[in-house]
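Novice: here are the coordinates; sequence isn't available:
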């Protein structure tokens, strides 16, 4: 079945995570996971039966951890935990992000260290397969102790409390569960804490940012190559020898892609001889260095986030010691690795947009590009790309502020018990705004570069770039005179966000996706 996924706890791949982010499909759990899950749940039952105090199982939470809870109040304790912690605010997280949250929470709990019953995991799977997306407000987590508020909103859906989203429509959770024939759960000892104590929301938001950053990197390389030809720049700086002696792997890979993107360009061939320019501006010449560095840090973030996607991050955890299970309190809920990954992704997204904005500025400047001022015939009567560049500049500058690291911030909570936090949820959440900003910048560059290519006709650019140009021109015609410009920019931005530019250059970007 299309997009079907059998989840193997601890062994998810980035390819699987991208697929879940992109589209919904049937989800099941590998059969071998169930005995491990049941053994962990049985260990919790044994601890309750024995009567020893164990944090999160029969005690209060946070600063109230020393409060012993009677056995007949344990179900109420878990329900109260969810209700009291559902305090999020702001816009609801998208279906794509919610699917990732559900998937990773299922995978984490199914590793058998959290003490939940198979029923809990099966209910999460049922929600996922029914397309019932919990209504999770985006704001309210500091990234330690886990994503408590947003994951509480996730858990509300399992209880039949609050709202959910089905096919884009907000409806009461109880009604959605009834329509899908899913019984609301009654949480047993430890289950509420296991559900809300983890980094899955921060990680899902960061993965969302990662997958957009990958598309932006690809699109920025394609639009940058098109700008190179539009400005009649030189491809000599892409010479493999230049990059090999430096040794940076992303730079070497990026230079190889640029060489292929511009190969066999008639525009390039037209100025191989007699061009008085010695060197191009950095925004053209140093593309492999900048985009290669972005490639490397995007790859580093991907490795961190894949580990976290497969991780067990709730607290406390249960481990086998011989025939016994012991409860160990730790701090895997602290999302510092996710915060650092998100902050580096922010740097990459900002820089991809920053260098793209510089190329737009170059193209509209007739003294640098050799093209008509502001890329339009009859300048003066027509303003052309003048204010489109202002939009790009505004967004590039906004991204500079948004790129300030979230991870350097911290604020104590829970009466100073939780005195250092990661701010990973914010660090990851702001990547969406940044990615949309950069997508607009690249979209404007794509329009500007295509305009420059058209001014060089009948000469053609490279086969790869001609295909990109043709794809754009199916959506946006040549800018022959001033017109309502915003729809053109939105169309080009859409091509960037959907990954259509790299898709037009088949096979060039496969190495970007581990």
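Specialist: Received the coordinates, thanks. In this text the structure is predicted, and so the values were computed from the model without any measurement.
Novice: residue farthest from the centroid of the protein?
Specialist: Using CA atoms, centre = their mean, the residue of the chain lying farthest from its centre is residue 274. It sits 46.3 Å away.
Novice: Just the pLDDT for that one.
Specialist: At residue 274, the pLDDT value in this model is 77.
Novice: How about residue 53?
Specialist: So, for residue 53, pLDDT stands at 79.
Novice: list the contacts for it?
Specialist: 59, 68 (CB atoms under 8 Å, 6 or more residues apart in numbering). The way it works is simple: take the backbone N, C-alpha and C, and place the C-beta from them, glycine included.
Novice: With adjacent residues omitted, what lies nearest to residue 336?
Specialist: Ranked by CB to CB, 6 or more residues apart in numbering and with sequence neighbours excluded, the top spatial neighbour of residue 336 is residue 422, at 4.6 Å.
Novice: nope, residue 388 is what I was after
Specialist: Nearest residue to residue 388, sequence neighbours excluded (CB to CB, 6+ apart): residue 444, at 5.0 Å.
Novice: so which strand or helix has that neighbour?
Specialist: helix 424-455 (DSSP states H and E).
Novice: What residues of stretch 389-402 count as buried?
Specialist: Neighbour counts over stretch 389-402 (16 or more other CB atoms under 10 Å) mark 389, 391-393, 395-396, 399 as buried.
Novice: State the distance from the residue nearest to residue 336 to residue 108.
Specialist: 17 Å (CB to CB, to the nearest Å).
Novice: Strands of this protein, start to end?
Specialist: Along the chain, counting by DSSP state E, strands occupy 5-7, 27-29, 89-92, 132-134, 137-139, 163-166, 169-172, 317-321, 324-328.
Novice: So for residue 452, which of the ones you listed sits nearest?
Specialist: For residue 452, the closest of those is strand 89-92, at 38.3 Å, according to CB to CB.
Novice: How about that closest one, which residues are buried there?
Specialist: Burial within strand 89-92, assessed by neighbour count using 16+ other CB under 10 Å, is assigned to residue 92.
Novice: Centre of the chain to it, how far?
Specialist: Taking CA atoms, centre = their mean, to the nearest Å, one finds strand 89-92 lying 18 Å from the centre of the chain it belongs to.
Novice: what packs against that strand?
Specialist: With contacts defined as 3 or more CB pairs under 8 Å, 6 or more residues apart in numbering; DSSP states H and E, the packing partners of strand 89-92 are strand 137-139.
Novice: any residues touching the strand it packs on, and which ones?
Specialist: So strand 137-139 is contacted by 88-93, 149-150, 153, 429 (CB under 8 Å, 6+ apart).
Novice: Now residue 251. Nearest residue, chain neighbours left out?
Specialist: Going by CB to CB, 6+ apart, residue 251 has residue 292 as its nearest residue, at 3.1 Å.
Novice: Can you give me every residue that contacts the one you found?
Specialist: Residue 292 neighbours (CB under 8 Å, 6+ apart): 243, 248-255.
Novice: Separate out the buried members of these.
Specialist: Judged by 16+ other CB under 10 Å, buried ones among those: 243, 248, 250-255.
Novice: Serialize those to JSON lines and add fields for distance to residue 11.
Specialist: Below are the buried ones among the contacts of residue 292 laid out as JSON lines (distance: CB to CB, whole Å):
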{"residue": "243", "distance to residue 11": "35"}
{"residue": "248", "distance to residue 11": "31"}
{"residue": "250", "distance to residue 11": "27"}
{"residue": "251", "distance to residue 11": "32"}
{"residue": "252", "distance to residue 11": "30"}
{"residue": "253", "distance to residue 11": "27"}
{"residue": "254", "distance to residue 11": "30"}
{"residue": "255", "distance to residue 11": "34"}
